[in-house]
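Q: What follows is a predicted protein model with its sequence.
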Amino acid sequence: MPESKKLVIILLGPPGSGKGTQAELLSEKLDSYHLETSEIIEKNLAKAKKNDFVTANNKKYFLSKEKRLRESGVLMSPPLITFWTKNKIRELAKEENGIVTSGSPRTLYEGKELIPLLKKLYGAKNIKVILIKLSGKDSILRNSHRRSCELMRHPVLYTKETTKLKKCPLDGSKLVVRRDDNAEIIKIRLKEYKERTFPLIGLFRKQGLKVKEIEGKQSVEGVFKDILKVILR
Ligand SMILES: [Zn+2]
């Protein structure tokens, strides 16, 4: 297969850095596919029956057990996520789609598995890694105030610009605090990010990929403009 001209943009950042929102904006701007681990997981878990399992790396992963891990804020087993994600990436490359990801890969294991595949299908020079920086304190603050709309669950990031917002800018429905975002789970997610996701930066560099850092403590628009500067240069 000839090397693709399409870009793969990998967004990394702690919970609350707004990487999901940025990925959404970027995929629209670049006409690329927004690859979301959570969507892949939810689609696969939704159709799972009681005793279903997936065999990956010669090991069985029971989906009901994985579901419980996810509900407690812990990352699900990387081999299972990787298996599902690789399938999706191959499908996207075949259809010649550009990719924007937020939250994938999330662990060193996933990175070691996914980066070689992405390099093979898209070429190293077309892979852009962007780290949206945010302190632990700001991550917790933003997450504990994170809201989404009642109608479509559009997420609204907690920034200076959105504190007074009462209704969804897209559909006008009421904004509510996300029920799953309690303090303990937020802390677990942040710890998981620091211990398991952040070390990916070193791996990317070792794999010959450039990592650009963007300041996350600014408006959604500000972060977006900074990202565009980096990738459209
Ligand atoms: Zn909405």
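A: Cool, the structure landed.

Q: Give the pairing partners of the longest strand anywhere in the chain; include direction for each.
A: Longest strand of the chain, by residue count under DSSP state E: strand 127-133. If you go by DSSP bridges, strand 127-133 pairs up with strand 8-12 (parallel), strand 211-215 (parallel).

Q: Show me which residues of the helix ranked longest in the chain are buried.
A: If you go by DSSP state H, the chain has its longest helix at helix 78-94. Buried residues in helix 78-94, counted by 16 or more other Cβ atoms under 10 Å: 78-86, 88-89, 92-93. C-beta coordinates here come from the backbone N, C-alpha and C atoms, glycine included.

Q: ranges for the strands of the protein?
A: Under DSSP E, the chain gives strands at 8-12, 33-36, 53-56, 59-62, 99-102, 127-133, 147-149, 155-156, 175-177, 211-215.

Q: Neighbouring strands - and their directions - for the fourth one?
A: For strand 59-62, the pairing partners within the sheet under DSSP bridges are strand 53-56 (antiparallel).

Q: Now do the helices in this protein.
A: Using DSSP H, the helices of the chain run over residues 19-30, 37-46, 63-71, 78-94, 108-122, 136-144, 183-192, 200-206, 220-231.

Q: Mean confidence (pLDDT) on the third one, please.
A: Same thing as helix 63-71. Helix 63-71 carries an average pLDDT of 89.

Q: Then the shortest one?
A: Averaged across helix 200-206, the pLDDT comes to 95.
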